[in-house]
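*Asks:* What follows is a predicted protein model with its sequence.
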Amino acid sequence: MKNTILIILIVVIAGGGGWYFFIRKSKTAEEYKQDGWAFYDAGKLDKASEAFEKSIKLDPDYPQPHFGLGCCYKQQEDYEEAKKWFKKTLELDSDYHTARIAYASCLILTAKDKREAVMKGNTELQKIPKEVLEDANVAYNVAAYCAIAGNSELALKYLAYAIQKIPATADDAVKDRDFDGIRDMPEFKRLVD
């Protein structure tokens, strides 16, 4: 009788642990989002998009994977699709400032009338509190927006600030296509060297 109870107890414990492992094996929206950024950073945009989509499927109200998907589309130069995902991010979180800057950039990149798009983009940027612009990552993204918008003076100012705060940002700027409009300027070259 004691042996039977011991065997049943072992089976229940082992079975319960296995059941927990089986349940725990499926990923959370956060884990898929983290996978998405890891794939994105590695340049595997298809896998990144897939991970972000899985995250969104698990938690449709989680803004970060929407933003990640927008970044994948922007990187692939599908600016219309990127714009949709950035807009959705802002609908979920109106204080997601990096998404606001990316959305403003896509407004310009998809515009038939660039002047009107720059005005709309500038309006979007005015919604960002000044203290947020002191964040080096936000400053970098504003610099990229300004370069796309054709405001090289402001682009260089924000880029210099971002590089001063985070020197590795210079390496990012060298590879970032958003800076193509100012890349040949001597001031840009001095900043990133």
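*Replies:* Okay, I see it. Residues are numbered from 1 along each chain as shown.
*Asks:* Can you check the pLDDT for the residue positioned nearest the centre of the chain?
*Replies:* By C-alpha atoms, centre = their mean, the chain has its centre lying nearest to residue 68, at 4.3 Å. Predicted confidence (pLDDT) for residue 68: 97.
*Asks:* can you start the count at 37 instead of 1 from here on
*Replies:* Sure, I'll start counting at 37 from here, so that last one is residue 104.
*Asks:* Hmm, residue 65 is touching residue 91, no?
*Replies:* Yes: at 4.4 Å, residue 65 and residue 91 qualify as touching, with contact defined as C-beta atoms under 8 Å. Placement of C-beta: from N, CA and C, glycine included.
*Asks:* between those two, which one's more packed in?
*Replies:* Taking other C-beta atoms under 10 Å, residue 65 and residue 91 do not tie; residue 91 has more neighbours (26 against 19).
*Asks:* which helices and strands does the helix or strand where that one lies pack with?
*Replies:* Element membership for residue 91 (DSSP states H and E) is helix 81-94. In this structure, helix 81-94 packs against helix 65-77, helix 99-111, with contacts taken as 3 or more C-beta pairs under 8 Å, 6 or more residues apart in numbering; DSSP states H and E.
*Asks:* In it, which residues are buried?
*Replies:* Neighbour-count burial for helix 81-94, counted by 16 or more other C-beta atoms under 10 Å, picks out 81, 83-92, 94.
*Asks:* Same list, those, but as CSV with pLDDT please.
*Replies:* Converted to CSV, the buried residues of helix 81-94 look like this (pLDDT from 0 to 100):
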residue, pLDDT
81, 96
83, 98
84, 97
85, 97
86, 97
87, 97
88, 97
89, 97
90, 97
91, 97
92, 97
94, 96
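*Asks:* Check whether residue 140 really touches residue 161, as I assumed.
*Replies:* Yes: Residue 140 sits in contact with residue 161 when judged by C-beta under 8 Å, with a separation of 5.8 Å.
*Asks:* what sits in contact with each of these two?
*Replies:* Between them, residue 140 and residue 161 have residue 181 as joint contacts when contacts are counted by C-beta atoms under 8 Å, 6 or more residues apart in numbering.
*Asks:* okay, the two: which has more neighbours?
*Replies:* Regarding residue 140 and residue 161, a neighbour count based on other C-beta under 10 Å identifies residue 140 as having more, with 27 against 19.
*Asks:* Name the nearest residue to the more buried one, ignoring sequence neighbours.
*Replies:* The shortest distance from residue 140 to any non-neighbouring residue, by C-beta to C-beta, 6 or more residues apart in numbering, is to residue 157 (3.6 Å).
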